[in-house]
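S.K.: Here is a sequence together with a model predicted from it:
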Amino acid sequence: MPKVSVIIPTYNRAWCLRNAIESVLAQTFQDLELLVIDDGSTDETVEVLASFPGIEYYRQGNRGVSAARNTGVAHTQGEYIVFLDSDDILMEHALQIGVDTLDKNPQVGFCYGQFYIMDEAGQVLGLRRSSMLNCSSTIDGREQIRELLYTDRIRLSAMMSRRHVLKEAGLFNEDMRNIAEDLDLIVRMAKICDVAYIGQPIAKLRRHSGCLSLNHNGRSAEKAYLAVLREIFRDPLLGCQFQPLRRVAQFNFYRIIALYSYGNDMKLSRRYLKKALSVYPRGLLEPKGLELLYIYGKSISPPWARGLARNIRGCFFGKVPKQAV
């Protein structure tokens, strides 16, 4: 029985799937199994997988990434599980670091690390760290949930979980399909276990025009994020503990929808900018609120004005890459 099961869900990602697979096969830790769950791809995914004969491959009708991940869990045997998105890659020591962390901390249900953000071509744009921890640490799961109310710094591709904790938490909510489904599960897991943070990069996450997070319906995204908030605030213990942070959390989730919508649907972006500030007006006094005002101003400017602003900024400060939320 392998120690680690790596699950790669994919849908029409033949152009980057090979890189994800190769990053797993190149791991320094090799007691693993690798499963690719094809969620009904119509591109050259099968042809890409043909060059990797040792990989377990399962295909299903298009039901969303949540269902694909759950299908993967049903076919795995490993004690520890990693969900690697097909457009991301693991650093070569990622699995070894994750295994060492969980082996040394039996009270920890999952661990997660820092991760790089890269563009479509693989160029690194920035590094995402915990907003509350400066080095590798173990914390109470409730404290991890507190951070998630302010900002989401956990990504599945940079996370390793114990199988039994995943199952106890209930796996992924397939009704959520592709929006906030990871955050929903992370919250449910953090309610029942301690969490470990790895203070070094263990994955590279790719941002591109086809990212699921950048292609959402506003109402669906709002419904998904509010479902996460209900999971937290309807809990008898967490609801009481975090009640003063409810408006801050709503502000943050509306802000995320607005930022992801910016550039694709300016009207939708402005709608959620207004919602964010309506639920938490004091946000205007914080850096994130000032950021929203700046984005709102750009969203109502004509394209030529936005282009001029970018050129002027580039002349004085150089290229400023768009970072992940």
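M.R.: Great, that's in hand. All of these numbers come straight from a predicted model, not from anything done at the bench.

S.K.: low-confidence ranges in the chain?
M.R.: 208-217, 288-325 (pLDDT under 70).

S.K.: can you give me the helices for the stretch 201-325 of the chain?
M.R.: Using DSSP state H, counting those that start in this stretch, the helices of the stretch 201-325 of the chain run over 218-233, 236-242, 246-261, 266-279, 287-299, 303-317.

S.K.: Please read the previous query as pertaining to the stretch 1-150 of the chain.
M.R.: Counting by DSSP H, counting those that start in this stretch, the helices of the stretch 1-150 of the chain are 14-25, 45-49, 65-74, 94-104, 141-150.

S.K.: just checking, which of the ones you listed sits deepest inside the structure?
M.R.: helix 65-74 (a mean of 21; mean count of other C-beta atoms under 10 Å). Backbone N, C-alpha and C define where each C-beta goes, glycine included.

S.K.: Could you list every helix and strand that it packs against?
M.R.: Contact here means 3 or more C-beta pairs under 8 Å, 6 or more residues apart in numbering; DSSP states H and E; on that basis helix 65-74 packs against strand 4-10, strand 32-38, strand 80-83, helix 163-169.

S.K.: rerun at 10 Å
M.R.: On a contact count with 3 or more C-beta pairs under 10 Å, 6 or more residues apart in numbering; DSSP states H and E, helix 65-74 meets strand 4-10, strand 32-38, strand 56-59, strand 80-83, helix 163-169, helix 181-190.

S.K.: OK, contacts around Leu127?
M.R.: 114-117, 200-201, 204, 323 (C-beta atoms under 10 Å, 6 or more residues apart in numbering).

S.K.: Distance of it relative to Met160?
M.R.: Note on Leu127: its distance to Met160, by C-beta to C-beta, to the nearest Å, is 19 Å.

S.K.: Likewise for Gln30?
M.R.: 15 Å.

S.K.: Next: Ile198.
M.R.: Applying C-beta to C-beta, the value for Ile198 to Met160 is 9 Å.

S.K.: any residues in contact with both of the two?
M.R.: 94, 97-98, 101, 111-113.

S.K.: Quick check: Val46 vs Met189, distance?
M.R.: 33 Å.

S.K.: who are the neighbours in contact with Arg153?
M.R.: 112, 114-115, 128-133, 144, 147, 197, 324.

S.K.: Could you turn the buried ones of those into a PyMOL selection?
M.R.: In PyMOL syntax, the buried subset of the contacts of Arg153 is picked out as below (16 or more other C-beta atoms under 10 Å):
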select buried, resi 112+114+115+128+130+133+144+147+197+324
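
S.K.: Who has more neighbours out of Gln30 and Met160?
M.R.: Met160 (26 against 12; other C-beta atoms under 10 Å).

S.K.: any idea which helix or strand carries that one?
M.R.: Element membership for Met160, per DSSP states H and E: strand 159-162.

S.K.: Run through the neighbouring helices and strands of that strand.
M.R.: strand 80-83, helix 94-104, strand 108-118, helix 163-169, helix 181-190, strand 194-206.

S.K.: Make a markdown table from those and add distance to Ile139 to it.
M.R.: Output for the helices and strands packed on strand 159-162, formatted as a markdown table (distance: least, C-beta to C-beta, whole Å):
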| stretch | distance to Ile139 |
| --- | --- |
| strand 80-83 | 19 |
| helix 94-104 | 13 |
| strand 108-118 | 9 |
| helix 163-169 | 15 |
| helix 181-190 | 9 |
| strand 194-206 | 6 |
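
S.K.: Which one of the ones you listed lies nearest to Val4?
M.R.: Of all these, strand 80-83 sits nearest to Val4, with 4.8 Å by C-beta to C-beta.

S.K.: picking up where we left off before, pull the CA atoms of the strand holding Met160 into CSV?
M.R.: Extracted C-alpha coordinates of strand 159-162, given in CSV (Å, rounded to 0.1, in the frame of the first residue of the first chain):
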residue,chain,number,x,y,z
MET,A,159,-1.7,20.8,0.9
MET,A,160,-1.4,17.2,2.2
SER,A,161,-4.3,15.5,4.2
ARG,A,162,-4.8,12.4,6.2
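
S.K.: Just give the strands next to that strand in its sheet, each with its orientation.
M.R.: Paired strands of strand 159-162, with direction, are strand 80-83 (antiparallel), strand 108-118 (antiparallel) (DSSP bridges).

S.K.: now that strand, how far from the centre of its chain.
M.R.: Remark: strand 159-162 is offset 14 Å from the chain centroid, using C-alpha atoms, centre = their mean, to the nearest Å.

S.K.: Thanks a lot, see you next time.
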